[in-house]
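Novice: Fold the following for me, if possible:
(one chain, ligands or ions: 1)
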Amino acid sequence: MRVIVTVTANPSLDRTVQVRKLVRGGLNRASSIRVDPGGKGINVARALAQHGVDVRAVVAAGGIEGQQLVALLAGLSIDVLRVPAVGPVRINMSVVEPDATVTKFNEPGALLDAGDARALCEAVLRSADGANWVVIAGSLPPGVSSAYYAGLIRMIGSLGVPVVVDTSGPALHEAVQARPALVKPNLRELEETVGHSITTIGGVVDAADEILELGADTVLASLGADGALLRGHDGCGYAEAPVTAQNAVGAGDALLAGYLSEGCGGLPALVTAVAWGAAAASLPGSAMPQPHDLRPDLVRVESRVPWDRRLHRDP
Ligand SMILES: O=P(O)(O)OC[C@@]1(O)O[C@H](CO)[C@@H](O)[C@@H]1O
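Specialist: Numbers count the residues shown, from 1 in each chain. All right, here's what the predicted structure looks like:
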């Protein structure tokens, strides 16, 4: 049986507020609100569980907000392993306008002290033993060294379990050097890696190659409305799908979940990934797609990577 473990060191309650028009410096009255359990690892777990995949979510979650997060996850067929951290879970807010423009505010998260960080690491290692994949996703909370994920990847690797990482900044740079099986950057994270802006699909391939050279086995780059690029040492694949976006928050997490749901199996898995990502972008808040939301028939795979094609939208 396939078991996937996700790790969320800095989860969130994702509060989505709909407004008619965002007025900077003025009073904005919400026409609706919703709250989703959030954090990238949590989102990957939600998407997988909705497709019947056995998933365990290891999460550092303190305070009343941590209790609320766990309550929101109850009944979703996720085996939640909560490490009760001292600080409360953060609240990340998205303000959505009718044209699907999302303005997102991410809190840094509460300090995770050394004891909590150690407890999280122990919980991950206990869960990882015998798992098929471990997904480490999202930012690190304050107080945790940028080498934390790299250390986890090495320890999980020594159990013989492949690791996927999706994070940003120095934590991403160090994690890649710990030789994860898969890295899932978005365009911003690719640009951070190469140190300049990327305007074409060819630029994405070059940035993915730098990540491979740093130590990753495979790169799955999520490009928002421009689809996704899969780059391994032996080749490259590109796929895209038309998206009628409602809210793209969490679409990259759904994309990664889709890829994992197919056992990370090359181009067929890339098609599933893009279908899951496109479906998530068409849903409200950070809702994850259900099987009936998917349109894999609309995914176009390019047999030759369109090297010169310009990226047209910010993912
Ligand atoms: O601040 P981080 O950890 O980088 O990202 C957190 C977050 O933006 O990522 C998810 C969407 O991918 C949301 O559920 C959550 O609010």
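
Novice: so where do the strands sit in this structure?
Specialist: Secondary structure of the chain (DSSP state E): strands at 3-8, 12-18, 32-38, 54-62, 79-88, 90-96, 102-105, 133-137, 163-166, 182-183, 218-222, 228-232, 235-240, 300-302.

Novice: Tell me what angle the fourth one forms with strand 133-137.
Specialist: Between the direction of strand 54-62 and that of strand 133-137, the angle (axes from the mean of the first three to the mean of the last three Cα atoms, to 10 degrees) works out to 30 degrees.

Novice: ok, back up a step: tabulate the strands of the chain in CSV, adding columns for mean neighbour count and distance to Cys121.
Specialist: Backbone N, C-alpha and C define where each C-beta goes, glycine included. Below are these laid out as CSV (neighbours: other Cβ atoms under 10 Å; distance: least, Cβ to Cβ, whole Å):
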stretch, mean neighbour count, distance to Cys121
strand 3-8, 27, 9
strand 12-18, 22, 21
strand 32-38, 19, 22
strand 54-62, 25, 10
strand 79-88, 18, 9
strand 90-96, 20, 20
strand 102-105, 13, 29
strand 133-137, 27, 11
strand 163-166, 26, 13
strand 182-183, 25, 20
strand 218-222, 26, 25
strand 228-232, 24, 29
strand 235-240, 20, 34
strand 300-302, 14, 39
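
Novice: now those strands as CSV including mean pLDDT and distance to the ligand?
Specialist: Listed next are the strands of the chain as CSV, based on pLDDT from 0 to 100; distance: least, Cβ to the nearest ligand atom, whole Å:
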stretch, mean pLDDT, distance to the ligand
strand 3-8, 98, 8
strand 12-18, 98, 4
strand 32-38, 97, 3
strand 54-62, 98, 12
strand 79-88, 96, 15
strand 90-96, 98, 4
strand 102-105, 97, 6
strand 133-137, 98, 8
strand 163-166, 98, 8
strand 182-183, 98, 15
strand 218-222, 98, 10
strand 228-232, 96, 15
strand 235-240, 95, 19
strand 300-302, 92, 24
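
Novice: want to try JSON lines for these, with distance to Ala207 as columns?
Specialist: Formatted as JSON lines, those follow (distance: least, Cβ to Cβ, whole Å):
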{"stretch": "strand 3-8", "distance to Ala207": "25"}
{"stretch": "strand 12-18", "distance to Ala207": "27"}
{"stretch": "strand 32-38", "distance to Ala207": "27"}
{"stretch": "strand 54-62", "distance to Ala207": "30"}
{"stretch": "strand 79-88", "distance to Ala207": "34"}
{"stretch": "strand 90-96", "distance to Ala207": "26"}
{"stretch": "strand 102-105", "distance to Ala207": "23"}
{"stretch": "strand 133-137", "distance to Ala207": "19"}
{"stretch": "strand 163-166", "distance to Ala207": "15"}
{"stretch": "strand 182-183", "distance to Ala207": "11"}
{"stretch": "strand 218-222", "distance to Ala207": "8"}
{"stretch": "strand 228-232", "distance to Ala207": "9"}
{"stretch": "strand 235-240", "distance to Ala207": "12"}
{"stretch": "strand 300-302", "distance to Ala207": "18"}
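
Novice: Good, we can wrap up now.
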